[in-house]
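Peer 1: Provide a 3D model corresponding to the input given below.
(chains A and B, ligands or ions: 2)
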Amino acid sequence: MELLVLIKPVPDPDTRLRPNAAGTALDTDGVKWVLTGYDESAVEQALLLKESAPGSRVRAIAFGPAPRTEEILRSALALGCDTATWVEQPSGLVPDPMLSANALSWACQKTPFDLLVVGKQALDDEAGVVGPAVAERLGVADYGPVVDLRWDPAAGKFNLARAVEGGLERITASGPMVVCLQQAWNDPRTAKLQNVLKARRTTIDKVSWAEVQAGVGPAVPGTRLTSFRLPPPRTGAKMIAFKTPEEAAQQLVRLLREEAKTLP
Amino acid sequence: MSADVLVVIERRGAAPVRAALEATGVARRLAGPSGAGRVTAVLLGTALEASAGTIAGLGVDRVITVSDPRFDTFQTALWAAAVAAIARELSSSVILLAGTNNGRQLAGRIAIRWDAAAVTGIADLSPGAAGEITVTRPVFSGRAFQEVRIGAPRVVLGLRPNAFPIPEASSPPAPIAEHAPLELGPLPSGGAVTGFESAQSGIGPDLSDATVIVSGGRGLKGPENFRLLEELALSLGAAIGASRAVTDSGWRPASFQIGQTGKSVSPQLYIAVGISGAIQHLVGMISSRTIVAINSDPSAPIFKVADYGIAGDLFQIVPALTAEIRRVRGS
Ligand SMILES: Cc1cc2nc3c(=O)[nH]c(=O)nc-3n(C[C@H](O)[C@H](O)[C@H](O)COP(=O)(O)OP(=O)(O)OC[C@H]3O[C@@H](n4cnc5c(N)ncnc54)[C@H](O)[C@@H]3O)c2cc1C
Ligand SMILES: Nc1ncnc2c1ncn2[C@@H]1O[C@H](COP(=O)(O)O)[C@@H](O)[C@H]1O
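Peer 2: Ligands and ions are numbered 1, 2, ... in the order given. Below is the predicted model:
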């Protein structure tokens, strides 16, 4: 089985978020970029499928600037991905998710695949558009948000479950297809030191921006960030003083009705 | 210039999903009053009459139905092709999608097919001068807000659930017209749906479209005590959620889990009961409008993010709260 997995370098979840001086975007000064969230689950899932179907290979693909993009591709190699593709992002370009989808689709069509795994949404922009957009570009089906995905070797098909309002839909499908993964049901593995060292020496295939533009046409983002702000700091709960549970309940209900206005 | 908006109506059973009603209201806001821009609602599938009737009374200019059993199951490629084809035909400038899983899955696909920009997870929006639309969306699990300006002439907008009011009924209802059969050309074939598992065997709304969620943690001490939460949820018409400590212990199925590796929710009211407030839990519920915490430990981190806190024993507080809510709601 040929597996592709799309991974995006995103700020470490522990990053203290700050707006930049213009107040338009995240201040990326000193930010540590990592492979995490749904993308980390996507890599884990691709590796599990590879292990369940001998002879399979996994290629990790990322679009982004140096050096962070190369670094997360090396993390993916260290975890067990076989090959990696770096779609180079020119400095000065601020891509939106649709632009990223176009750039990534160009890299994806270079490797015939059975399954392309992406995260349900990126940890930072939370758009959830890249997977379906790439699928449309490549003319294959997509499924998401997927919460279970297994390979049935006897049938030569994938069994998957997607979350829908009210429950889970179970689907049997054959590749090539795109899966937008919500979560890994096995905790993502950590890389062995020996593999980290090996990954440092692996050659990463590069796709230049010129090639992307020649392939998918001039890419101009259709959207622009105009503001990035933090919510007003949570000052801590208003603590309800009470002598009896009944008194606590009465006070809470009164506050929810009269102050918060959120009691139906 | 006002927008010409095509709003996609998803149904469950005979009725539109709540998020689709919210989207219908937003569509009107984007298009301006009737006569300025036009709002068209589209429904796909079979047995559409009841839903089409509901939507026709919510301030839209017209309703288009596409009665075709192919749309009774959700296949992104098929739905996207149909919606894009109708938007082309109507020369729409905005396609509006409700805050559902299917809505989220459609956005990118439609945008490619319709050659448009796409922005999802929208919590607020304002049509600006010169047809530019500015939207606000939470990012980084609700830890920040981003404002995005859309300059593209065509845009697919996806909303966050529970972020917008349901529009009031209007009269007279808009006309409903059946669309000619859609010829969509070759499309990738979707898989076969082999089954459906209902997430909640019990009562109440689904987590993802509930306006009130009552969520339980390890403080409940055992699965049998979820009965207390069920009664509270029933009194409020709420859905039930859980922390990972609960789902990992098997007290509730994984579909109840809220947080980093579970669901993200943003109800009007989130009541956390016996939940400590670990960061992995918080990221899944922090964008709720009002948060209430009930925890016996006054220094539990959940109180830092809650709006209202009761430091007390849940086994005493929760039954009292259920009784009080029943009393004020007269049930
Ligand atoms: C990679 C990763 C992903 C994770 N993803 C998630 C996720 O998606 N969702 C999630 O929830 N967690 C997640 N976790 C786990 C998370 O870190 C916490 O362990 C978990 O949220 C704790 O659940 P809890 O608050 O129910 O339990 P505890 O932390 O044990 O808290 C129980 C609380 O109940 C209170 N209590 C006890 N008795 C009473 C009483 N009688 N009355 C009132 N209060 C009482 C206690 O004071 C305590 O604060 C994840 C962890 C990791 C490492
Ligand atoms: N720049 C990128 N490089 C590689 N993969 C990406 C990139 N942006 C998004 N993706 C993939 O698409 C998923 C959804 O991203 P988004 O649509 O931006 O929320 C992510 O979880 C990744 O799997």
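
Peer 1: any low-confidence regions in the stretch 1-150 of chain B?
Peer 2: By pLDDT under 70, the low-scoring segments of the stretch 1-150 of chain B are B:1, B:129.

Peer 1: now the terminal residues of stretch A:227-247, how far apart.
Peer 2: 44 Å (Cα to Cα, to the nearest Å).

Peer 1: can the longest helix anywhere in chain A be found next to ligand 2?
Peer 2: Assignment by DSSP state H gives helix A:37-52 as the longest helix of chain A. Yes - against ligand 2, helix A:37-52 shows contacts by Cβ under 6 Å from any ligand atom at A:Tyr38, A:Asp39, A:Ala42. From N, CA and C alone the C-beta is placed, and that goes for glycine too.

Peer 1: so what's the last one up against?
Peer 2: The contact partners of A:Ala42, taken as Cβ atoms under 8 Å, 6 or more residues apart in numbering or on different chains, are A:Val5, A:Leu6, A:Ile7, A:Val117, A:Val118, A:Gly119, A:Leu181, A:Ala184.

Peer 1: please apply the same query to the first one.
Peer 2: By Cβ under 8 Å, 6+ apart, the residues touching A:Tyr38 are A:Gly119, A:Lys120, A:Gln121, A:Ala122, A:Leu123, A:Leu181, A:Gln182, A:Gln183.

Peer 1: and those residues, which is closest to ligand 2?
Peer 2: A:Gly119 (2.3 Å; Cβ to the nearest ligand atom).

Peer 1: run through the helices of the chain in chain order.
Peer 2: All of this is about chain A. A:37-52, A:68-79, A:97-108, A:130-138, A:193-201, A:209-216, A:245-255.

Peer 1: not what I meant, chain B
Peer 2: Secondary structure of chain B (DSSP H): helices at B:18-31, B:49-56, B:76-90, B:101-114, B:226-236, B:244-248, B:279-282, B:302-305, B:314-328.

Peer 1: give me the number of residues near A:Ala155?
Peer 2: By other Cβ atoms under 10 Å in any protein chain shown, 10 other residues sit near A:Ala155.

Peer 1: excluding chain neighbours, what is closest to it?
Peer 2: Spatial nearest neighbour of A:Ala155, excluding adjacent residues (Cβ to Cβ, 6 or more residues apart in numbering or on different chains): A:Thr172 at 7.3 Å.

Peer 1: and the one you found, how far is that from A:Arg150?
Peer 2: As judged by Cβ to Cβ, to the nearest Å, A:Thr172 and A:Arg150 stand 10 Å apart.

Peer 1: list residues touching both of these two?
Peer 2: Contact criterion Cβ under 8 Å, 6+ apart; residues shared by A:Thr172 and A:Arg150: A:Phe158, A:Asn159, A:Leu160.

Peer 1: output the below-cut-off pLDDT ranges for chain A.
Peer 2: Along chain A, segments meeting pLDDT under 70 span A:184-186.

Peer 1: residues contacting A:Gly64?
Peer 2: A:Lys8, A:Pro9, A:Val87, A:Gln89.

Peer 1: and if we set it to 7 Å?
Peer 2: Shown in contact with A:Gly64 (Cβ atoms under 7 Å, 6 or more residues apart in numbering or on different chains): A:Lys8, A:Pro9, A:Gln89.

Peer 1: same deal with A:Pro11?
Peer 2: A:Leu26, A:Val31, A:Trp33, A:Asp124.

Peer 1: name the surrounding residues that touch stretch A:178-192.
Peer 2: Contacts for stretch A:178-192 (Cβ under 7 Å, 6+ apart): A:38, A:40-42, A:44-45, A:48, A:75, A:78-79, A:115-120, A:128, A:131, A:134-135, A:140, A:142-149, A:160, A:163, B:261.

Peer 1: any of those buried? List them.
Peer 2: Listed as buried from these are A:38, A:40-42, A:44-45, A:48, A:75, A:78-79, A:115-120, A:128, A:131, A:134-135, A:140, A:142-149, A:160, A:163, B:261; burial here means 16 or more other Cβ atoms under 10 Å in any protein chain shown.

Peer 1: any residues of the stretch 1-150 of chain A in contact with ligand 2? List them.
Peer 2: The stretch 1-150 of chain A comes close to ligand 2 at residues A:6-8, A:38-39, A:42, A:62-64, A:97, A:100, A:104, A:118-119, A:121-122, A:125-131, as judged by Cβ under 6 Å from any ligand atom.

Peer 1: single out the residue in the stretch 51-200 of chain A that lies closest to chain B.
Peer 2: Closest residue of the stretch 51-200 of chain A to chain B, Cβ to the nearest Cβ: A:Ala173 (2.6 Å).

Peer 1: shouldn't B:His281 be in contact with B:Gly259?
Peer 2: Yes - using Cβ atoms under 7 Å, B:His281 makes contact with B:Gly259 at a distance of 4.4 Å.

Peer 1: the more surrounded of the two?
Peer 2: The neighbour comparison of B:His281 against B:Gly259 (other Cβ under 10 Å) goes to B:His281, with 27 against 24.

Peer 1: contacts only, for that one.
Peer 2: Per Cβ under 7 Å, 6+ apart, neighbours of B:His281: B:Ser243, B:Ile258, B:Gly259, B:Ile275.

Peer 1: can you put these in CSV and add pLDDT and distance to ligand 1?
Peer 2: Output for the contacts of B:His281, formatted as CSV (pLDDT from 0 to 100; distance: Cβ to the nearest ligand atom, whole Å):
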residue, pLDDT, distance to ligand 1
B:Ser243, 97, 3
B:Ile258, 93, 6
B:Gly259, 89, 2
B:Ile275, 98, 4
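
Peer 1: which of those are buried? Put it as a PyMOL command.
Peer 2: To isolate the buried ones among these in PyMOL, judged by 16+ other Cβ under 10 Å, type:
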select buried, chain B and resi 243+258+259+275
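
Peer 1: is it possible to export the contacts of B:His281 to CSV including distance to A:Ser227?
Peer 2: Listed next are those as CSV, based on distance: Cβ to Cβ, whole Å:
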residue, distance to A:Ser227
B:Ser243, 33
B:Ile258, 28
B:Gly259, 28
B:Ile275, 32
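
Peer 1: so which of the contacts of B:His281 reach ligand 2?
Peer 2: Applying Cβ under 6 Å from any ligand atom to these, none is adjacent to ligand 2.

Peer 1: residues near the residue in chain B positioned nearest to ligand 2, how many?
Peer 2: Using Cβ to the nearest ligand atom, B:Gly108 is the residue of chain B that sits closest to ligand 2, at 6.8 Å. Counted by other Cβ under 10 Å, the residues lying close to B:Gly108 total 31.

Peer 1: one more: B:Ser215?
Peer 2: B:Ser215 - counted by other Cβ under 10 Å - has 30 other residues nearby.

Peer 1: residues contacting it?
Peer 2: Listed by Cβ under 7 Å, 6+ apart, the contact set of B:Ser215 reads B:Gly241, B:Ala242, B:Ile258, B:Tyr270, B:Ile271, B:Ala272, B:Val273, B:Ile275.

Peer 1: for these, which single residue is the most surrounded?
Peer 2: Comparing the contacts of B:Ser215 by number of neighbours (other Cβ under 10 Å), B:Gly241 comes first, having 34 neighbours.

Peer 1: quick one: the strands in chain A?
Peer 2: For chain A, applying DSSP state E gives strands covering A:2-6, A:10-11, A:33-34, A:57-64, A:83-88, A:115-119, A:141-152, A:157-164, A:167-173, A:177-181, A:205-207, A:223-229, A:238-239.

Peer 1: quick one, the first one and helix A:97-108 angle?
Peer 2: Compare the direction of strand A:2-6 with that of helix A:97-108 by axes from the mean of the first three to the mean of the last three Cα atoms, to 10 degrees and you get 150 degrees.

Peer 1: starting at the chain centroid, how far to strand A:2-6?
Peer 2: Centroid separation between strand A:2-6 and its chain, computed with Cα atoms, centre = their mean, to the nearest Å, is 13 Å.

Peer 1: and if you look at the fourth one?
Peer 2: Distance of strand A:57-64 from the chain centroid (Cα atoms, centre = their mean) equals 12 Å.

Peer 1: which pLDDT value goes with B:Asp209?
Peer 2: As summarised for this prediction, B:Asp209 has a pLDDT of 69.
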